[in-house]
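Structure for this input, please:
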Amino acid sequence: MLKMLGAVLVIAAATMAGWLQARQYANRPNQIRKLILALRRLQTEIMYGFTPLPDALVRIGEQSGEPIKSIFHGAAKNMNPPWNRTAQDSLQTAIEEGWRFTAMKAAEKDVLKGLSFNLGTSDRKDQLSHIMAAVHQLESEEACAREEQNRYEKMFKSLGLLCGAFIVILFY
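The predicted model follows:
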């Protein structure tokens, strides 16, 4: 009886691990899409709203949802007193602090870090062109993420169960 309970627990744990990995593949394209929408909102704020960057980041963060929200809120917080950091420093710090809560990979992080070098340091037209370039890069990353999701999500769900069953067979 105890062996049976142990086998069930091993299979359940391995299956759960497979499902968690599959969920990462499912969450990545959705989070990239949220990030793209947030950058497009930022573009609109810069173009039409004449909103100061920290206020625009807070407003965009409120509309984006987690984990994108925490990155934009962290950047806005670092730009305001008492820290008064530059847009580049505050955005990069917020990315480093909040990135572990996302399902996104290093390519998306690099796009945001590249954008941080130009955000708040040049005129409106230049910033808009850099945001547009970042959006295009993220759209291509989203297409790759959707392709990976279609390829690997189902595989990891099945692989978790099969690995659990294999471990149980090895122990018996």
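
tell me what the longest helix anywhere in the chain is packed against?
Taking DSSP state H as the criterion, the chain has its longest helix at helix 124-171. Here helix 124-171 touches helix 2-44, helix 106-116, going by 3 or more C-beta pairs under 8 Å, 6 or more residues apart in numbering; DSSP states H and E. Yep, even glycine has a C-beta here, placed from its N, CA and C like the rest.

Okay, angle between it and helix 2-44 too, please.
Inter-element angle recorded for helix 124-171 and helix 2-44: 170 degrees (by axes from the mean of the first three to the mean of the last three C-alpha atoms, to 10 degrees).

Check the offset of helix 124-171 from the chain's centre.
Centroid separation for helix 124-171 versus its chain: 11 Å, with C-alpha atoms, centre = their mean, to the nearest Å.

Let me see the contact set for residue 18.
156-161, 163 (C-beta atoms under 8 Å, 6 or more residues apart in numbering).

rerun at 7 Å
156-157, 159-161 (C-beta atoms under 7 Å, 6 or more residues apart in numbering).

cool, and residue 51?
residue 45.

Can you tell me the SS state at it?
At residue 51 the chain is in coil, as set by DSSP: H, G, I helix; E, B strand; the rest coil.

any weak-confidence spans in this protein?
Counting by pLDDT under 70, the chain contains no low-confidence range.

ok so, going back, now rank the contacts of residue 18 by neighbours and give me the top one.
Highest neighbour count within these: residue 160, with 22 neighbours (other C-beta atoms under 10 Å).

That one touches residue 13, doesn't it?
No. With contact defined as C-beta atoms under 7 Å, residue 160 and residue 13 do not form a contacting pair (8.9 Å).
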